[in-house]
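Engineer: Okay, predicted coordinates and the sequence, questions at the end:
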Amino acid sequence: MGLLEERELSARQRLEECREEAERAAAALAEAERACERAVIAKEEFSAALAEARAEDDPPPECGVRTAGAAPGTIVPEWRPGLGPAVLAADYQRIIGALEAAAREEAGPLNCRQIAGWLEWEASAAGVERVRAKARRMAERGWLAKEADGRFSAVARPGGGS
């Protein structure tokens, strides 16, 4: 009986060690996710600032027509009449398309996790932050409407579409 009690005690000690190890791993995972989110946001903000600095030297075309699509990381210009989504980088165009599709299906405004789902993008915290940074930037510049609860919708433009 004493041998069994020793084995039980040993097993309980190993169980406690494993639980502590799992808690440390969970804390490390949470910190890594936060670091990843911060890196995604920092990259987006840096790209936007760099693009804005470049845009002062080379403003976007007035008519909204480009021979090729906008490069990733380029500025999101203020929306104005005659400026179409073609001046935006592909990810921004996809976000507008997803919100327009949601409106056609009467899904209403979408939150960033829902937009990521419509786009079949990663729904992790970092993926949702990627969508949030882009959608926020587009709303600030008149391409999207942002609801008070943080959801986004495409802006109806005269003549249809965004």
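Structural biologist: Okay, I see it. Numbering: from 1, shown residues only.
Engineer: CA atoms for contacts and neighbours, from now on please.
Structural biologist: Fine.
Engineer: Thought residue 110 was touching residue 151, still the case?
Structural biologist: Yes - Residue 151 is within contact range of residue 110, at 5.0 Å (criterion: Cα atoms under 8 Å).
Engineer: what pLDDT, on average, does stretch 88-101 get?
Structural biologist: When pLDDT is averaged along stretch 88-101, the result is 89.
Engineer: Let me see the residues that make contact with stretch 125-132.
Structural biologist: With contacts defined as Cα atoms under 8 Å, 6 or more residues apart in numbering, stretch 125-132 is touched by 33, 36-37, 40-41, 44, 112-113, 115-116, 121-122.
Engineer: residues of it that come out buried?
Structural biologist: If you call a residue buried by 16 or more other Cα atoms under 10 Å, then stretch 125-132 has these buried ones: 126-132.
Engineer: What is the distance between that stretch and the centre of its chain?
Structural biologist: 3 Å (Cα atoms, centre = their mean, to the nearest Å).
Engineer: cool, stretch 134-144 as well?
Structural biologist: For stretch 134-144 - counting by Cα atoms, centre = their mean - the centre lies 12 Å from the chain centre.
Engineer: cool, stretch 104-113 as well?
Structural biologist: For stretch 104-113, the distance to the chain centre is 15 Å (Cα atoms, centre = their mean).
Engineer: give me the low-pLDDT residue ranges for this protein?
Structural biologist: Where the chain drops to pLDDT under 70, the residues are 55-74, 157-162.
Engineer: mind listing the helices for it?
Structural biologist: Counting by DSSP state H, the chain has these helices, from start to end: 2-57, 90-104, 112-119, 125-140.
Engineer: quick one: which of those is nearest residue 146?
Structural biologist: helix 125-140 (6.1 Å; Cα to Cα).
Engineer: quick one on the thing from earlier: just put the helices of the chain in JSON lines and tack on distance to residue 76.
Structural biologist: Below are these laid out as JSON lines (distance: least, Cα to Cα, whole Å):
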{"stretch": "helix 2-57", "distance to residue 76": "8"}
{"stretch": "helix 90-104", "distance to residue 76": "8"}
{"stretch": "helix 112-119", "distance to residue 76": "18"}
{"stretch": "helix 125-140", "distance to residue 76": "7"}
